[in-house]
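[1] Sharing a model prediction with you, sequence too.
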Amino acid sequence: MSLIRRTRYTGYAVLAALLVVGLAACQPALPEPTPTATPPVNDATPDETGEDVEVVSVATVEPTEAPTTEPTEEPTDAPVEPPAELPPPPEMIGPESYPEGINPLTGLPVEDPSILARRPLVVKISNAPEVVRPQSGLSQADIIFEYYVEGGWTRFAAVFYGSGSNHIGPVRSARLPDIQLVPAFDGVLVFSGASRGVTDALKETDMYPLLMMTPHFGLGEPWFVRFPREGLAFEHTLYTNTDELWALAVERNLRATNIPTPGLAFHALPPSGGSPASVATLDYAKTSIRWQYDPVSGKYLRWTDGIVHTDALTGDQLAFDNVVVIGSTLELEYLYPEKYGEEEDSLYIELTGYNGPATYLRDGQVYQGRWFRQEGGMFQFVGPDGQVMPLKPGKTFVQIVRTGYEQVIVKP
């Protein structure tokens, strides 16, 4: 069986057509984003009324009415080419190799180099509805991806490698993009169930069954534990523990990790060519994101829907050294129509063999460039000159948006 029918979300008119044929009730169509004139701000954020703003990212937000033009940038079918091979700048870490004891996902040294032999864990974590926030354990992830799921909501895929947590969640279900994300890290997918079609797709991958950890395939306590809470639906009560998951990986005799190279590149000094970026905002269809640079810590702090976004375990605001926004295509894919008719569908995001726009935030600066990823490889980030774009050593948050629709608005 195969995944054969896709419908690209390229505009309001296409969305309306999809609604006519009908989507599964449990997975409503993705609403179009409605731009806001002023980003939501709470009492913890300064008043920036009157400041200049600059749209710097992957194109324009789709208007609330039917668009009259196509997206500003269509995906390219040109072969994905690596950047030209030039000598890396002094003190560059990666992307071809990493010094002993350096975490290739953060560019930072680890106290115990032996931990770098373990498998990265890619944990699916809920981000909607609002009652699931604050989540637990996010601040311990090396990299977090945020991307669309059904209904215009977003979900996290958090990569734990250099550090972990004994309480991570709420753990939620897998989606089609996870099939591409996990091999980029030679990791293990950690999730709580999936639709019938996505389950069938997962079972056709090389990850099944050893590189998947989920109650969906029979795992219970101590790897996954329910923590009921009044006012919280049952599906938002599942949590996991990285120590238990890494111990299970040893029991499964999983080989030492082999994170693909070339990988991420890091440099302690920001590259030239950036513009000031103290505040950056991004609106998904149902979720508004605000990043604000803190010059004291050198990190970007996160607000979600106008509220300070914290880690429930520490109470601290989520803070990342790098924020990367990458544009790609998003399509509705009907799964195994010969088996399920058109009752099984899921959103598909192209994360392999794609060359798309990227916006990078680090050290209070914003840069433009491209991203690409070859099958089985790591994500590659380059600047406008096609040369490697070094991230700041530390943790990275990657926001995946639709090329030509969502935008990043930056204030200096």
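    Yep, it's here.
[2] By mean pLDDT, point me to the weakest helix or strand of the protein.
    One helix or strand of the chain scores below all others by mean pLDDT, DSSP states H and E: helix 12-21, with a mean of 33.
[3] can you give me the helices for the stretch 251-400 of the chain?
    If DSSP state H, counting those that start in this stretch is used as the criterion, the helices of the stretch 251-400 of the chain fall at 337-340.
[4] Under the pLDDT cut-off, which ranges of the stretch 51-200 of the chain? List them.
    51-90 (pLDDT under 70).
[5] correct me, but Pro393 touches Pro104?
    No - using CB atoms under 8 Å, Pro393 is not in contact with Pro104, being 11.2 Å away. C-beta: built from backbone N, CA, C; applies to glycine.
[6] Of the two, which one has the most company?
    More crowded of Pro393 and Pro104, by other CB atoms under 10 Å: Pro104, with 26 against 17.
[7] Nearest residue to the more buried one in space, please, no chain neighbours.
    Spatial nearest neighbour of Pro104, chain neighbours left out: Tyr98 (4.7 Å); criterion: CB to CB, 6 or more residues apart in numbering.
[8] Could you look up the SS state of that neighbour?
    With DSSP: H, G, I helix; E, B strand; the rest coil as the basis, Tyr98 sits in coil.
[9] again with Glu146
    Following three-state DSSP, the label given to Glu146 is strand.
[10] Run a quick neighbour tally on it.
    By other CB under 10 Å, 22 other residues sit near Glu146.
[11] again with Phe372
    Number of residues near Phe372 (other CB under 10 Å) recorded here: 22.
[12] mind checking pLDDT for it?
    Phe372 is assigned 95 on the pLDDT scale.
[13] so how far is Thr352 from it?
    Phe372 sits at a distance of 10 Å from Thr352 (criterion: CB to CB, to the nearest Å).
[14] Please apply the same query to Phe379.
    Noted for Phe379: a distance of 10 Å to Thr352, by CB to CB.
[15] Overlap in contacts, these two.
    Both Phe379 and Thr352 are in contact with Arg373, where contact means CB atoms under 8 Å, 6 or more residues apart in numbering.
[16] Give me the more crowded residue out of those two.
    More crowded of Phe379 and Thr352, by other CB under 10 Å: Phe379, with 22 against 18.
[17] my read: the more buried one touches Ala358, true?
    No - using CB under 8 Å, Phe379 is not in contact with Ala358, being 9.4 Å away.
[18] who touches the residue nearest to Pro104 in this structure?
    Residues near Tyr98 by CB under 8 Å, 6+ apart: 104, 107, 263.
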